[in-house]
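Colleague: What follows is a predicted structure for the sequence shown.
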Amino acid sequence: MPSTTSDSTAAIIAGAREQGRTVLSEVEAKQLLAEAGIPVVEARLAATRDEAVGLAGEFGYPVALKIVSAQITHKSDIGGVKLNLGTADEVGAAFDAIIAAATSADASAKLDGVSVQRMAEPGVEVITGMTMDAQFGPVLMFGLGGVLVEVLKDVSFRVVPITERDATQMIHEIQGFPILEGHRGQEPADIPALQDLLVKLSSFVEAHPDVAELDLNPVFAYPSGAVAVDARIVLSAPDDA
Amino acid sequence: MPDSKSNLSRTLNPSTVVVVGDKRMNGYMWLNNMRDFTGKLYSVQVDPAEISGIEELGVRNYTSLAEVPGEIDYVLCAVPRTIAPRIIADCAARHVGGVALFTSGFAETGEEEGVRLQSELGEIARRAGLALIGPNCMGLYNAKLGVRQAGEQPTGEAGPVGFISQSGTHAINFSLTGAAQGVRISASISIGNAEVLDVADYVDYLAADSDTQVIAMYVEGTKDGRRLLRSLRRAAEAKPVVIWKGGVTEAGARATASHTASLATSNDVWNAVVRQAGAIATESLDETIDVLKALLRCKPATGLGMGLLAMTGGQSVVITDAFVRAGLDVPLLTDASYAELAGFFNVIGGSYKNPLDIGGTIGFGGQHEQLQRLLDILEADANVDAIAMELASGFLARRWQADPASLDPLLDLLVAHQDRSAKPLVTILHPGHLEEVTAKARARVVERGLAVFPSFERAARALSSAIAYWRSRAAAEA
């Protein structure tokens, strides 16, 4: 587990700072997390249609494409996300459609391109993330995804750094825990993999004090393993860094 | 040179105490609070109109700290806020151990002047290694030495509870209400705005203090949450830590800001902190005292199985609901227990599945050999980890009214059982319609060292919290 910031991690953060950005792109966020040993569905940036098709072929179908632009935060609202693309032709068409939609939504937005990633196999949807508390600093959150977190606020918290025991308790504490244990004949989710993800996330947060906010939403938990499908990282404002 | 934190021990265990700025208007409250102090007590006051009143109390007054003879361990400062920095500077010059500032009007006001003055005196204290307590606080309580926050606080023997309070009122109420229920204090600190020493420093002190067996606190906030969490976790590995958090609702949090200038943290995060530390969360003064009774007066247990004894059928039902709601189990007993119970239990108007409806079998407290057999059976039963017993329903209180000593043989039996037993025993004394009689009876139970509660719900919740602590500690040690 890296305890110090690797060169490329430092470069990504420095690059964002240079451009005056606090929000990292999904591609950047996932690269940081992957370097910290946190399993993510890898996303790479395609600046052109050909690059997108090439990456899709490399990852294997089906794939998802998402707009990458610092000015566009609500990607799906403007038609900047295309899922379940099964062929090279679909990927090419989706690339063009996304760029067109983004341009018509905000002509002044600087478009870096489109992120390409393989569609993850569906699993039990969980979320985890970090927020800053005024007294306790970074606090990790864990919960089941979708409606359970939005409506029922069925989540648990621990202050960073967490131990393995804290991670176990976080997972067991939520009301929806039986769903992870395997509900109605479903295979149980890989709890140790989720524990490991939480502990690594805690180490990542500790190693990067200028990360102000972090969301892995969703994370898919499988009978074996777990993977962050989407990731969002916000750096602290330059004054606080 | 000792720093502010290492000077805390000297301040809490003083040989010489000086009260600065006590006034007739307050009834010379601080000098009166110290009237049983076992060491040397002096006053500093410059106002001639006040000095005569102070001397009438038999306390030697000086017009400056510089004139006070010998080493000074603890200063209680009650001067107006604009003069406070000068007194703190005098304390620093005299190498005083620590000073508690009763004076308020600092950061809690949110005004620039108050904030500035607080950081000014903090700066002086830190530089001098002075243990600054407060400002905006009621100072220290050390029962053994007679250092008090209020004249009503008992002095003499030290108790086992170290108490930290971000409210002077709660510090005093806890010490008085707790003492009435047998929960006594080793050291108590009213920490106010916690400018120099913060909650974590006091937790560290009490964790190391050999008189303190359990740490309890009323907290509104802290400047360094991560340090507090580390201190709490370390303390809870060695002794139980009970945290009563104030300002858990949004409106309550607004009140803490003006009370002690504390930042808001969501209730979810605080609860997580308490769990992460392996501490116990409580929600009120009463619950805090209840949990301390369960921790201090009951044997530690990690199992959840309750053996329940009630006097009547209806009480058997509701005592069961109360303990199950609190997260404990009420299991069936072993076959061996049932075989023995079948031999003598009076099933006419009673039952023994667990809960045990024992009124008829023990003659409502009159037949002690039968009660002894019941307790022995529960003690031996592998399914039972802890025992709860209703001492009396309403109608039994009449008996004590007529003959107060009639309770004694029952208490003798329970105390002897508790001494032998490895399992926690909680007792419940309810009768509300004869509160005066019940209060006297309850005081006798307290005196005998038993854990007694005014309702099934409170007994259940307190025991459940205590068991959760012992379980968490066992899991951490495993």
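Modeller: Looks like it came in fine.
Colleague: Give the residue spans of the stretch 51-200 of chain B that score low on pLDDT.
Modeller: Along the stretch 51-200 of chain B, segments meeting pLDDT under 70 are nowhere present.
Colleague: and with 90 instead?
Modeller: Along the stretch 51-200 of chain B, segments meeting pLDDT under 90 span B:108, B:110.
Colleague: And for the stretch 351-478 of chain B?
Modeller: Applying pLDDT under 90 to the stretch 351-478 of chain B flags the ranges B:351, B:359-368, B:391-408, B:430-441, B:475-478.
Colleague: which residue ranges form the helices in it?
Modeller: Along the stretch 351-478 of chain B, counting by DSSP state H, counting those that start in this stretch, helices occupy B:368-380, B:397-402, B:408-420, B:435-447, B:456-477.
Colleague: Now do the buried residues in stretch B:471-478.
Modeller: Across stretch B:471-478, burial judged by 16 or more other C-beta atoms under 10 Å in any protein chain shown covers B:471, B:472, B:473. C-beta here means a position set from N, CA and C on the backbone, and glycine is covered the same way.
Colleague: same question, stretch B:373-387
Modeller: B:373, B:374, B:375, B:377, B:378, B:379, B:381, B:383, B:384, B:385, B:386, B:387.
Colleague: How about the contacts made by the residue of the stretch 1-150 of chain B found nearest chain A?
Modeller: Residue of the stretch 1-150 of chain B nearest chain A, by C-beta to the nearest C-beta: residue B:107 (15.1 Å). Applying C-beta atoms under 8 Å, 6 or more residues apart in numbering or on different chains to residue B:107 gives the contacts B:114, B:115, B:118, B:193, B:195, B:261.
Colleague: Let's see that with 6 Å instead.
Modeller: Counting by C-beta atoms under 6 Å, 6 or more residues apart in numbering or on different chains, residue B:107 touches B:114, B:115, B:118, B:193, B:261.
Colleague: Thought residue B:96 was touching residue B:77, still the case?
Modeller: No: counting by C-beta atoms under 6 Å, residue B:77 stays clear of residue B:96, with 10.1 Å between them.
Colleague: Also near chain A: which of the contacts of residue B:107, exactly?
Modeller: Among the contacts of residue B:107, no residue sits close to chain A (C-beta under 6 Å from any C-beta of the partner chain).
Colleague: any chance you could map the strands in chain A?
Modeller: Shown for chain A, the strands assigned by DSSP state E span residues A:43-46, A:63-68, A:81-85, A:113-118, A:124-133, A:137-144, A:155-159, A:211-221, A:226-228, A:231-235.
Colleague: Can you give the domain ranges for the chain?
Modeller: Reading this off chain A. A:1-41+A:121-241, A:42-119 (automatic domain parsing).
Colleague: wrong one, chain B
Modeller: Per the record, chain B has its domains at B:1-136, B:139-297, B:299-477, by automatic domain parsing.
Colleague: Most tightly packed of these?
Modeller: Mean neighbours per residue, mean count of other C-beta atoms under 10 Å in any protein chain shown, is largest over the domains of chain B for domain B:139-297, with a mean of 22.
Colleague: quick one: that one to chain centroid distance?
Modeller: Distance, stretch centre to chain centre, for domain B:139-297: 7 Å (C-alpha atoms, centre = their mean, to the nearest Å).
Colleague: Where does pLDDT dip in chain A?
Modeller: Those would be A:1-10, A:70-77, A:106-107, A:109, A:134-135, A:145-154, A:182-186, A:237-241, if you go by pLDDT under 90 across chain A.
Colleague: Pull up the residues of it that are close to chain B.
Modeller: Within chain A, the positions adjacent to chain B are A:133, A:134, A:135, A:136, A:137, A:139, A:157, A:158, A:159, A:166 by C-beta under 6 Å from any C-beta.
Colleague: Of those, which pair is most distant in space?
Modeller: Greatest spatial distance in these: A:134 and A:166, 20.9 Å, computed using C-beta to C-beta.
Colleague: Looking at those two, which one has more neighbours?
Modeller: More crowded of residue A:134 and residue A:166, by other C-beta atoms under 10 Å in any protein chain shown: residue A:166, with 22 against 14.
Colleague: Who are the contact partners of residue B:207?
Modeller: Contacts for residue B:207 (C-beta under 6 Å, 6+ apart) come out as B:235, B:238.
Colleague: quick one: secondary structure of it?
Modeller: Here residue B:207 is recorded as helix under DSSP: H, G, I helix; E, B strand; the rest coil.
Colleague: On the pLDDT front, check it for me.
Modeller: We have a pLDDT of 98 for residue B:207.
Colleague: Ok, residue B:48 next?
Modeller: pLDDT, residue B:48: 94.
Colleague: re the thing from before, mind putting the contacts of residue B:107 in TSV, distance to residue B:172 included?
Modeller: Below are the contacts of residue B:107 laid out as TSV (distance: C-beta to C-beta, whole Å):
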residue	distance to residue B:172
B:114	24
B:115	27
B:118	23
B:193	18
B:261	21
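Colleague: Narrow these to those in helices?
Modeller: In this view, the contacts of residue B:107 that belong to helices under DSSP state H are B:114, B:115, B:118.
Colleague: Who are the contact partners of the nearest residue to the last one once chain neighbours are set aside?
Modeller: In space, and not counting its chain neighbours, residue B:118 is closest to residue B:106: 3.7 Å by C-beta to C-beta, 6 or more residues apart in numbering or on different chains. Shown here is residue B:106, whose contacts under the criterion C-beta under 6 Å, 6+ apart are B:114, B:117, B:118, B:135, B:136, B:193.
Colleague: any idea how far residue A:114 lies from chain B?
Modeller: Relative to chain B, residue A:114 is positioned 37 Å away (criterion: C-beta to the nearest C-beta, to the nearest Å).
Colleague: I'd say that residue and residue A:65 touch.
Modeller: Yes: counting by C-beta under 6 Å, residue A:65 is a contact partner of residue A:114 at 5.0 Å.
Colleague: Can you say which of the residues of chain A next to chain B are buried?
Modeller: Among the residues of chain A next to chain B, those scoring as buried are A:133, A:135, A:136, A:137, A:139, A:157, A:158, A:159, A:166 (criterion: 16+ other C-beta under 10 Å).
Colleague: Quick check: bridge partners of the closest residue to the fifth one other than its chain neighbours?
Modeller: The shortest distance from residue A:139 to any residue that is not its chain neighbour, by C-beta to C-beta, 6+ apart, is 4.9 Å, and that residue is residue A:133. As for beta bridges, residue A:133 partners with residue A:137 under DSSP bridges.
Colleague: ok, now how distant is residue A:133 from residue B:281?
Modeller: 17 Å (C-beta to C-beta, to the nearest Å).
Colleague: re the thing from before, the helices of the stretch 351-478 of chain B: which one's closest to chain A?
Modeller: Chain A sits nearest to helix B:456-477 of all the helices of the stretch 351-478 of chain B, at 7.2 Å, using C-beta to the nearest C-beta.
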